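> Sharing a model that was predicted from the sequence below.
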Amino acid sequence: MKWVKPKTYTNPIFHYQRSPDQDKSTPVRHQVVIVGGGPTGLVAALDLASRGISCVIIMKENTVVLGSRAICFAKKTLEIINRLGLVDKMLDKGIVWNVGKVFYNEDLSYEFNLLPEDGHKIPAFINLQQYYFEEYLVDAIHESPLIDLRWEQELIDVEQDEEKVKITIKTPEENYLLEAEYLIACDGVKSPTRTKLNIPYEGEKFEENFLIADITMENNFPTERWFWFDPPFNKDYSALLHKQPDGVWRIDLQLGQEIDKDEEIDQERIKERLRQMLGDDVKFELEWTSIYQFRCMRMAKFVHNRIIFAGDSAHLVSPFGARGANGGVQDVDNLIWKLAYILKKQAPRNLLNSYDEERSDATNENIFHSTNATDFISPKSEISLQFRNAALDLAQHNSFARTLINSGRLSNPFRYVNSSLNSPEFDTEWETEIQLGYTAKDAVLNDGFLIDSLGNDFSLLVYGQISFQHDLIKVITISDLDTDIIQKYDFRDNSWYLIRPDHHIIARGRTVDTKTITSAFQRALGEKQNQTIIESIPDLFTKYKNDDKYKQLIDAHKGLNKSESELLNSKLLLLFLEKISEVELKDILATAKKVKE
């Protein structure tokens, strides 16, 4: 297939340079070697450097990514980039958006706002081509004395023991050996590291084909995410429209399962499809095109002794919901502070177990949402299509139905509510939606924003004047003037929150107690061998709670023929009569008939 390549962006070229390590008689040992220089690997390197840890990046290519690829970067990812001091450049270049709209045929079903409250430095999302995202990170890496980015070099073999990882590197000249205390594999879905270790990568492949067409055009479309189900210009399928920098627009068209890819990627064929969508009077130019299918895959474990996997090398999801690049960056946000504490001898090696535990749960959630979105966008049976279309019909008038519409559950930070690093909670009456394990919600402080105050360390937020000191904990005092954070966190006199270096909350209390805070800090570093086992805590985040119900309903029809499905639906309706009153039934019937008419 012949793809269209970007015209508004010219990839920088970084040539191979010989490393002094290649001339050593014995392999040089580094603290950390990172294999792969996509968003995950580049952020990992910068985060290590911000903590005083040196590393080497092995990069097979000689440039940043070809094509726009990932374009949606979420608030949590941008907060991580903010902590690394690079977010201003990305916000200046990126397209900021918070509002999305969902259409059924030509009608607006509903719209949503991802950041409905004030007091946040970072927007819900920006759209920024992945090549810019990577270029800005590479620029910062080239300025760092702690990061050695080696272009046009490739891992071809790897082995490890209890003391080190041994890596064979291929270059345009000769092969050479490196050693590392730890290796972070960020080398993508085809991960050579994972392949060399013969580690399974299992999951589900989806047969649907999708066309990406990035185009340049002049128009007055608002800066919003628009998603169509069954539009007249792409009948029976879906479509997505999103704005990018440089006057570029991302259009994503569902094509179906059995297609001729060479025919569909033909420029004239693509232009014909786009004219049906945009109209004959809209002038546009193709910027970048691609056809893709996707899989939901994962490794069983991400930590293998001294080799650690992150990003697509560890797990893979569909692009719906922007959980790929964002998930990878959040992987290393979780990992790097732990690895830094271990390398500095401030925490035991078993702290890495919590990376496996926490990001495995996050991966499961991302795959769950990714799979559900795919099943909603491209129903696999007649009955699931009927339910999908019924939900879209109802959504124009019914708020419950809107919660069922799934055009991709957009990336949000995972909530580590049952992490082994969290401390038991003794003061349980908090009038806030925040729980232990949640990422710290940004708020306005008297001298700026909370996320700018947190930094790279453990942070103790305290409301009131207290005397607490610890070399590894930064104390942030909340005053009466900080009304935004007082309200968001339900602060009262002597209330406190302890926050990890990746800005997730691990403990809180109503009375400042040095022993309790110190104990919580030690637990978060894996230092307490006999930790109190905490019973499973329910996650109060309920935004997508109806996805489980909808999935159960669809799954109940699997394997049934049409008459069996109709009988099941009849039984369900009759059983629901027991659960509702006569007045409620009357209202429900009126709503259903109104939509039908």
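It's in.

> tell me how far the helix or strand of the chain with the lowest mean pLDDT is from the chain's mean position?
The helix or strand of the chain with the lowest confidence, counting by mean pLDDT, DSSP states H and E, is helix 582-596 at a mean of 83. Centroid separation for helix 582-596 versus its chain: 39 Å, with C-alpha atoms, centre = their mean, to the nearest Å.

> ditto for stretch 414-433
How far stretch 414-433 lies from its chain's middle: 22 Å, per C-alpha atoms, centre = their mean.

> quick one: the strands in the stretch 351-500 of the chain?
Secondary structure of the stretch 351-500 of the chain (DSSP state E, counting those that start in this stretch): strands located at 444-445, 448-449, 458-463, 473-478, 496-499.

> Highest average neighbour count across those strands: which stretch is it?
Ranked by mean neighbour count, the strands of the stretch 351-500 of the chain are led by strand 496-499 with a mean of 24 (mean count of other C-beta atoms under 10 Å). To be clear about C-beta, it is placed using only N, CA and C from the backbone, and glycine gets the same treatment.

> could you give the angle of the helix or strand following that one to strand 458-463?
Next along the chain after strand 496-499, taking DSSP states H and E as the criterion, comes strand 505-509. Put simply, strand 505-509 runs at 30 degrees to strand 458-463, going by axes from the mean of the first three to the mean of the last three C-alpha atoms, to 10 degrees.

> Can you spell out which helices and strands pack onto strand 505-509?
The contact analysis (3 or more C-beta pairs under 8 Å, 6 or more residues apart in numbering; DSSP states H and E) places strand 505-509 against strand 496-499, helix 514-524.

> which residues touch the shortest one?
Contacts to strand 496-499, defined as C-beta atoms under 8 Å, 6 or more residues apart in numbering, come from residues 423, 440, 454, 458-463, 466, 473, 489, 505-509, 512, 517, 520-521, 524.

> can you check the longest one too?
For helix 514-524, contacts defined as C-beta under 8 Å, 6+ apart pick out 421-423, 458, 460, 468, 470, 472-473, 496, 498, 500, 506-507, 509, 528, 531.

> Kindly supply the PyMOL command isolating those of these that are buried.
The command below creates a PyMOL selection of those among the contacts of helix 514-524 that count as buried (16 or more other C-beta atoms under 10 Å):
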select buried, resi 421+422+423+458+460+473+496+498+500+506+507+509
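
> Can you show me the helices along the stretch 1-150 of the chain?
All helices of the stretch 1-150 of the chain, identified by DSSP state H, counting those that start in this stretch, fall at 39-50, 75-83, 87-93, 130-142.

> buried stuff in the last one?
Under the neighbour-count criterion of 16+ other C-beta under 10 Å, helix 130-142 has 130-138, 140-141 buried.

> export that helix as PDB, just CAs?
Only the C-alpha atoms of helix 130-142 are listed here, as PDB (Å, rounded to 0.1, in the frame of the first residue of the first chain):
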ATOM      1  CA  GLN A 130       2.900  12.800  17.800                       C
ATOM      2  CA  TYR A 131       5.900  14.000  15.800                       C
ATOM      3  CA  TYR A 132       5.700  17.400  17.500                       C
ATOM      4  CA  PHE A 133       5.300  15.700  20.900                       C
ATOM      5  CA  GLU A 134       8.400  13.600  20.300                       C
ATOM      6  CA  GLU A 135      10.400  16.400  18.800                       C
ATOM      7  CA  TYR A 136       9.900  18.600  21.800                       C
ATOM      8  CA  LEU A 137      11.000  15.700  24.100                       C
ATOM      9  CA  VAL A 138      14.000  15.000  21.900                       C
ATOM     10  CA  ASP A 139      15.100  18.600  22.000                       C
ATOM     11  CA  ALA A 140      15.100  18.500  25.800                       C
ATOM     12  CA  ILE A 141      16.900  15.200  25.800                       C
ATOM     13  CA  HIS A 142      19.700  16.500  23.600                       C
END
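
> one step back: how about the helices of the stretch 1-150 of the chain, which one is nearest Val317?
helix 39-50 (13.6 Å; C-beta to C-beta).

> So for that closest one, mean pLDDT?
Mean pLDDT, computed over helix 39-50, is 98.

> okay, the angle between it and helix 130-142?
Using the same axes, to 10 degrees: helix 39-50 against helix 130-142 is 20 degrees.

> Go through helix 39-50 and flag the buried ones.
So for helix 39-50, counting by 16+ other C-beta under 10 Å, buried means 39-50.

> Stretch 428-443 now?
For stretch 428-443, using 16+ other C-beta under 10 Å, the buried residues are 430, 434-443.

> Name the spans of the stretch 201-350 of the chain whose pLDDT lies under the cut-off.
Filtered on pLDDT under 70, the stretch 201-350 of the chain yields no residues whatsoever.

> now the helices for it?
261-264, 267-278, 325-343.

> C-alpha coordinates for stretch 353-370, PDB please?
The C-alpha coordinates for stretch 353-370 follow below in PDB (Å, rounded to 0.1, in the frame of the first residue of the first chain):
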ATOM      1  CA  ASN A 353       6.100  -5.200  42.500                       C
ATOM      2  CA  SER A 354       3.700  -2.300  42.900                       C
ATOM      3  CA  TYR A 355       4.400  -1.100  39.300                       C
ATOM      4  CA  ASP A 356       3.300  -4.500  38.100                       C
ATOM      5  CA  GLU A 357       0.300  -4.500  40.400                       C
ATOM      6  CA  GLU A 358      -0.900  -1.000  39.700                       C
ATOM      7  CA  ARG A 359      -0.300  -0.700  35.900                       C
ATOM      8  CA  SER A 360      -1.700  -4.200  35.400                       C
ATOM      9  CA  ASP A 361      -5.000  -3.000  36.800                       C
ATOM     10  CA  ALA A 362      -4.800   0.100  34.700                       C
ATOM     11  CA  THR A 363      -4.200  -2.000  31.600                       C
ATOM     12  CA  ASN A 364      -7.200  -4.200  32.400                       C
ATOM     13  CA  GLU A 365      -9.400  -1.100  32.600                       C
ATOM     14  CA  ASN A 366      -8.000   0.300  29.300                       C
ATOM     15  CA  ILE A 367      -8.600  -2.900  27.500                       C
ATOM     16  CA  PHE A 368     -12.100  -3.200  29.000                       C
ATOM     17  CA  HIS A 369     -13.000   0.300  27.700                       C
ATOM     18  CA  SER A 370     -11.300  -0.200  24.400                       C
END
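
> contacts for it?
The set of residues external to stretch 353-370 that reach it, using C-beta under 8 Å, 6+ apart, is 203, 296, 298, 301-303, 308, 310, 314-315, 317-318, 320-321, 323, 327, 330-331, 334-335, 338, 408-409, 414, 416, 418-421, 526, 544, 547.

> Now restrict those residues to buried residues only.
So, by 16+ other C-beta under 10 Å, the buried ones in the contacts of stretch 353-370 are 296, 298, 302-303, 308, 310, 314-315, 317-318, 320-321, 323, 327, 330-331, 334-335, 338, 408-409, 414, 416, 418-419, 421, 526, 544, 547.
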